[in-house]
Structures are given as C-alpha cells and as structure tokens.
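Student: Using only what follows, build the 3D model:
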Amino acid sequence: MFLALFQAGVLGATLRVEGELNCPAPTQVAADVQQISGLSDEYAPRVHATLAREGAFIRLSLTEADGTSLGERLLTADEDCLVLSRTAAVVLAAWLTDQHPEFLVSLPSEPSSAPDSSTPAAAPGDASAAPPSAPALAPAPATPAASEAPQSRVRPAAAPAGRLSQHRLALSAALAGAWSSPAFVPGAWLGVALDPAHAGWGAQISAAWLGERTQPLSRSRVSWSRWPLMLGPYLQVPTRLGSLELEAGPSLAWLHLKGQKFSPDLGVSTVQVGGYGALRFMIKWGAWRPFLMATPQVWFNSVSAAATDSSGAPTDRTELSSFEVLFSAGVRFLP
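Tutor: Predicted coordinates:
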C-alpha cells in the first residue's frame, strides 16, 4: 500500500493519507489538507485517511487509531486530479474540525510584519512599493487560492452525498436455529438487502429453512415444518466496533404438517401470515460483515392438527406454536 506522509512545520503535524491511487495522489491530498488547516502534534498520530477506488467513485474515509470512523464519503472520479485532491482535502478538513476542534492548530494570520521586514530591503529604488508587493502577493494568493479553489469545489463534493442515499446490494447467509415451545430445531437463513452506504435506512428480504418438528397427538404424533419469508426496512446505527440494525416487517410462511403412525397418515400444507422483528449486531471487516441476529416472529392465523376416528369425529387436537424466535450467526457480503 502506498503511504503518504507530508510534513509542513509551519502549520504543525500533517494528516497521514493512505491509498494506492495516483489520481488523486495521497501526497497531494495531504498537502492540500495542510494548506487548509493543520493538526497538532498531539492529535496527528491518532487519525489517518484512506483513498480507495470503487468503479466510477473514490471512497474517502477518516478513522481514528482505535478504529472509530470519523467520516466516509464517495467522491465522483470524473474531475481532474487537482480538483479531486482539493475536494478530498476540504471534506477531510471539515471532518477533523467537526470531531475534534480542540486538537487543531489555528492557521497563521496573514503576515503583517512581512511587508515591514522587507521594506528596508525594498526601500532603495523608485519602485519601493513594487518589491514588497511582489513577495507579499506570491504567498498571499497561494493560501487563498488553495483554500478558495477547494471551497469552490465543495458543491461538486456534495453531489456524492446524494449518492450516499443510494444503497448497495448486500448478500447475507447464516446458520440458524428456531425455538418454539417446547422444541429447538436447526436451520439456515438467506437474505438480500439494499444496504445504506454508511448508516441510515435500508431494506431486506430474507427466507429461512427450518428443520422438522414433532409433537404428540392422541396416541401417536404429528410432524410439521414452517419456512418463513420476511420483508421489511431496517435502521442501521453505527457503533464503535461495527453497527447495530433494527428491522421489522410482515412475514409469510409455508407450513406443512403430516401425521405419523396414523391409518392413513395424511399431510396438508397451508400459508400463515405474521409479523417479525430483528435485532442484528454487525462487525465491520472489509467487504464482510459478520453478525449475530435474533428474530422473534408471531403468526396471526393459528393452525391445529386433529386425530379423528373412523366416522371422522375428532378424538384429539393439538395446537401448533404461533410464536417462535430465530437465532442466526452469519456474514453479510458487500460486492
């Protein structure tokens, strides 16, 4: 990985910028940040920025040494390298100022003594005003130009913020188990989500395959399986280690039950309608998001199985559980 460390002693320590890009170059981004604002020697080692290309975009992120994210944004890569560097520098400087203004050093005020110190050297000659103005104008436009040009490009940088509201396709898979009184059965869970780029609202459709359950009926028993399909929005909240997601929505299940050791053994299938909620804790690990999830479900239409005698009159009846909790451990992948 290419590592850029750019030092400028006048403004203090410099932000560490990492990346494999040539456009914009990490060294140039570090230099542009330095021209906008400096970091204190105390805070500079605590943060670093990364640049990574993602198709037609450049992902810009700022992270503290303990892994805490200070900001993440997609920048369009359709500008020239200089504009991209200055845009990235403005975004990074804004994040740094918002998060920890107490660690930032102030920009030096416009030198007022410089013209005075240069006046004696410029005094001999008829154009005494010109020599002081030449050195004064050389650095003076440099600082505003470096700050004005990025500021004039803050608007293009705001365009990717709109794209952050767009969502990435995410695929999830997990090993699961479902508990409903009095049994616990193994299963598997699959999900497809429109995941927010950093935090906020997303949506997911998922399905679970659960093993067969049995319960007594008359002097024999009945076996049944219920496979749920779930669809709902979720809210993603960033945490220090990853993110916490809260999800809720309607669910639909295919239910199949069959008698065992009856004469004859009859089977029947039906559909159940219900609702679910989900609590998911997710760890950020590159493009992978390992997670743990608990999903309680309630089924609104109850289903029961009955044993009958030769005349068709019911002799015994058992109610299938209308409440269950799905536990899952898996991973989400962001292509």
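
Student: What segments of the stretch 1-150 of the chain are helices?
Tutor: Here the stretch 1-150 of the chain has its helices, by DSSP state H, counting those that start in this stretch, at 26-36, 81-99, 113-122, 130-137, 139-152.

Student: now residue 329, which residues is it bridged with?
Tutor: Under the criterion DSSP bridges, residue 329 forms beta bridges with residue 175, residue 292.

Student: wait, it sits on residue 177?
Tutor: No: look at residue 329 against residue 177 with Cβ atoms under 8 Å: they stay out of range, at 9.3 Å. For every residue, glycine as well, the C-beta is placed using N, CA and C.

Student: any idea of the mean pLDDT in stretch 213-220?
Tutor: The average pLDDT within stretch 213-220 is 80.

Student: and what of stretch 88-96?
Tutor: Stretch 88-96 shows a mean pLDDT of 80.

Student: Make 48 the first number, not 1, from now on.
Tutor: OK, 48 is where the count begins now, so the last one is stretch 135-143.

Student: so how far is it off the chain centroid?
Tutor: Chain-centre distance of stretch 135-143: 19 Å, with Cα atoms, centre = their mean, to the nearest Å.

Student: Just the CA trace of that stretch, in PDB.
Tutor: Extracted in PDB, the C-alpha atoms of stretch 135-143 (Å, rounded to 0.1, in the frame of the first residue of the first chain):
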ATOM      1  CA  ALA A 135     -11.000  15.400  -0.700                       C
ATOM      2  CA  ALA A 136      -8.900  17.900   1.400                       C
ATOM      3  CA  VAL A 137     -11.900  20.100   2.100                       C
ATOM      4  CA  VAL A 138     -14.000  17.100   3.200                       C
ATOM      5  CA  LEU A 139     -11.200  15.800   5.500                       C
ATOM      6  CA  ALA A 140     -10.600  19.200   7.000                       C
ATOM      7  CA  ALA A 141     -14.400  19.500   7.700                       C
ATOM      8  CA  TRP A 142     -14.500  16.200   9.500                       C
ATOM      9  CA  LEU A 143     -11.400  17.000  11.500                       C
END
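
Student: Settle it for me: which of residue 376 and residue 224 has more neighbours?
Tutor: The residue with more neighbours, out of residue 376 and residue 224, is residue 224; 18 against 13, by other Cβ atoms under 10 Å.

Student: And the pLDDT at the more buried one?
Tutor: On pLDDT, residue 224 comes in at 93.

Student: How about the contacts made by it?
Tutor: 231, 232, 233, 234, 373, 374 (Cβ atoms under 8 Å, 6 or more residues apart in numbering).

Student: Quick one: the strands in the stretch 148-297 of the chain, in order.
Tutor: Listed from the start of the chain, the stretch 148-297 of the chain has strands (DSSP state E, counting those that start in this stretch) covering 151-152, 214-227, 230-243, 247-257, 260-264, 267-285, 289-307.
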